[in-house]
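Undergrad: turn this into a model:
(one chain, ligands or ions: 1)
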Amino acid sequence: MAKKVRKDGERKEEKKVVFEPPEFNEREYLTEQLYSLRLNLLFVLMGIPMGFLWANVAAVTGSTILGLGIVIGVYAGAVYGLRFGIGIDILTGPKKTIASTFLMFIMTALAFSVLFSNPPVMDNTPPSITDVMVDFDSNLTDDGEWEILMRHKDNLYSNKSNRQRIKDNKDQTMFLHNESINAEVGDELAIMIRAADASGLRGVWVEYGYDTIDSAKRPMVRLTEAEWKVMGDGQDYALVGEHYYQYQLPATRSGNLYYRIIVEDMAGHTKTFETEVSEDSIYIAEPTPET
Ligand SMILES: [Ca+2]
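TA: So this is what the prediction gives:
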């Protein structure tokens, strides 16, 4: 397409602007700059405690938007206070500073709310449990060799028969590692979990019992990498920040052993894993008779 041909020079003439250099008042300029700088700085400093408030409002109410609303409200209050308190009117003063002070205030509050919402300052998230397993040391061999008895479905080896088992038993979270093997009276059992928290764990406990879970909190101990190599079938010891914890107990009688695991972080948040259906409990059979 051809370019539009410019019409006669008339319009061009109209657009000509006579340049008149404004009288530059250096003193006034600097005063304005300083005024604006001071105001922005004031709002940055005010934004820091607002970030703390925002983080707390979000933590208590679970609403980030409510925190934002309060912060905007405080800004409006501060503008009002400056105007009627000490006669500084941000809306009409030299070099409207409304946009810059508002942005400075909100951005500072936002940045500090993120900082204050996360460890090590504040911890709003419960710990994670990403694996549960039961190992056993068979009384038949009694060779100190541990084998995996049961495992959480999320960490069960993915093969056709396991996928089918998970599909067929939707209520179940724990599955026998090998369907033809059960624990027996006299076996040594180890309940293990992989847990983590960004602010660190205060403790990991297990409560258990035959048929019903008692409420005695027994501390689980963190496995070393060497111990995990023996217990865990040669898999990786830890993902980022995660560790395995275990509790060993002898299978003293036959029946269904239920357990509940409680993980608590430094902020007091807890996460639990509990065996509820009988299939998730550790079934302990009568010992195999000697032949
Ligand atoms: Ca936490």
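Undergrad: who in the stretch 1-150 of the chain is up against the ion?
TA: D123, T125 (Cβ under 5 Å from the ion). Quick note: C-beta positions are derived from backbone N, CA and C, even for glycine.
Undergrad: surely L201 meets G268?
TA: No: the pair L201 and G268 fails to qualify as a contact (Cβ atoms under 8 Å) at a distance of 11.5 Å.
Undergrad: quick one, which of these two is more surrounded?
TA: Neighbour comparison, L201 and G268: the larger count goes to L201, with 16 against 9 (by other Cβ atoms under 10 Å).
Undergrad: for the more buried one, give me its contacts.
TA: Contacts for L201 (Cβ atoms under 8 Å, 6 or more residues apart in numbering) come out as P127, A195, V263, E264, D265, M266.
Undergrad: show me the two of the residues you listed that sit farthest apart.
TA: Pairwise distances across those peak at 13.1 Å for A195 and M266 (criterion: Cβ to Cβ).
Undergrad: of the two, who's got more company?
TA: Legend: neighbour count by other Cβ under 10 Å for A195 and M266, higher for A195 (25 against 16).
Undergrad: so the more buried one touches H243, yeah?
TA: Yes: the pair A195 / H243 is scored as a contact, 7.0 Å apart, by Cβ under 8 Å.
Undergrad: I'd say I262 and T272 touch.
TA: Yes: between I262 and T272 there is a contact under Cβ under 8 Å: 5.1 Å.
Undergrad: so between those two, which is more surrounded?
TA: Remark: of I262 and T272, I262 carries more neighbours, 18 against 14, as counted by other Cβ under 10 Å.
Undergrad: may I ask which helix or strand encompasses that one?
TA: Secondary structure assignment for I262, by DSSP states H and E: strand 255-265.
Undergrad: and that strand, which residues are buried?
TA: G255, N256, L257, Y258, Y259, R260, I261, I262, V263, E264, D265 (16 or more other Cβ atoms under 10 Å).
Undergrad: can you tell me which two in the residues you listed are farthest apart?
TA: Counting by Cβ to Cβ, the most remote pair of these is G255 and D265, 33.4 Å apart.
Undergrad: scan this protein for its longest helix.
TA: Ranked by number of residues, the top helix in the chain under DSSP state H is helix 26-61.
Undergrad: G77: how many residues sit nearby?
TA: 10.
Undergrad: hang on, the earlier thing: tell me the one of the contacts of L201 nearest the ion?
TA: Distances from the ion to those, taken as Cβ to the ion, are shortest for D265 (3.8 Å).
Undergrad: got a list of what the nearest residue to W205 once chain neighbours are set aside touches?
TA: Nearest-residue entry for W205: K217, 4.1 Å, with adjacent residues in sequence omitted and distances by Cβ to Cβ, 6 or more residues apart in numbering. Contact analysis of K217 by Cβ under 8 Å, 6+ apart lists W205, V206, E207, I262.
Undergrad: closest to the ion among these?
TA: I262 (14.0 Å).
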